[in-house]
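K.L.:
coordinates only, no sequence provided:
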């Protein structure tokens, strides 16, 4: 059985400037799936850097309020919403709430630094 505790996952600042903690990644754990799962935080008043990924991604909003930008569209997002981000889409998310914006990032196949381009 594999159980990962968020508090025991090392935090790091990703290329898009969000604070990430990787929960599950097939290159780092003995798991039989191709996706990666990370917990992300964008601090109050901040915006992640515009970037693209080679593969599709899903954000699942846990806490806070933000505006999601994908290519030429933007929409307000809130807890309980899942956002599909197509491969190669220009994306960023802005925290417009009073607290940290927290969300899960699911990338399939698993996120790799060489698949991301910060604009």
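P.N.:
Now that the structure is in, tell me what you want to look at. A quick note: this is a predicted structure, and the numbers were derived from the prediction, not measured.
K.L.:
can you list contacts of the helix or strand that residue 76 is a member of?
P.N.:
Residue 76 belongs to strand 73-77 when assigned by DSSP states H and E. Where contact means C-beta atoms under 8 Å, 6 or more residues apart in numbering, the residues beyond strand 73-77 that reach it are 59, 61, 65-68, 83, 93, 96. Placement of C-beta: from N, CA and C, glycine included.
K.L.:
now intersect those residues with the strands, please.
P.N.:
Under the assignment DSSP state E, the contacts of strand 73-77 contribute 59, 61, 66-68, 83, 93 to strands.
K.L.:
in TSV: these, plus pLDDT, distance to residue 14 and neighbour count.
P.N.:
Shown next, in TSV, are the ones in strands among the contacts of strand 73-77 (pLDDT from 0 to 100; distance: C-beta to C-beta, whole Å; neighbours: other C-beta atoms under 10 Å):
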residue	pLDDT	distance to residue 14	neighbour count
59	98	13	21
61	98	17	20
66	98	16	25
67	98	19	15
68	98	16	20
83	98	17	17
93	98	12	26
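K.L.:
which of those sits closest to residue 26?
P.N.:
Nearest to residue 26 out of the ones in strands among the contacts of strand 73-77 is residue 59 (C-beta to C-beta; 19.7 Å).
K.L.:
from memory that closest one sits against residue 103, does it?
P.N.:
Yes - proximity of residue 59 to residue 103 meets the contact threshold set by C-beta atoms under 8 Å, at 4.9 Å.
K.L.:
Throw the contacts of strand 73-77 into a markdown table and include distance to residue 1, thanks.
P.N.:
A markdown table is the format used below for these (distance: C-beta to C-beta, whole Å):
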| residue | distance to residue 1 |
| --- | --- |
| 59 | 27 |
| 61 | 28 |
| 65 | 35 |
| 66 | 34 |
| 67 | 39 |
| 68 | 34 |
| 83 | 30 |
| 93 | 33 |
| 96 | 39 |
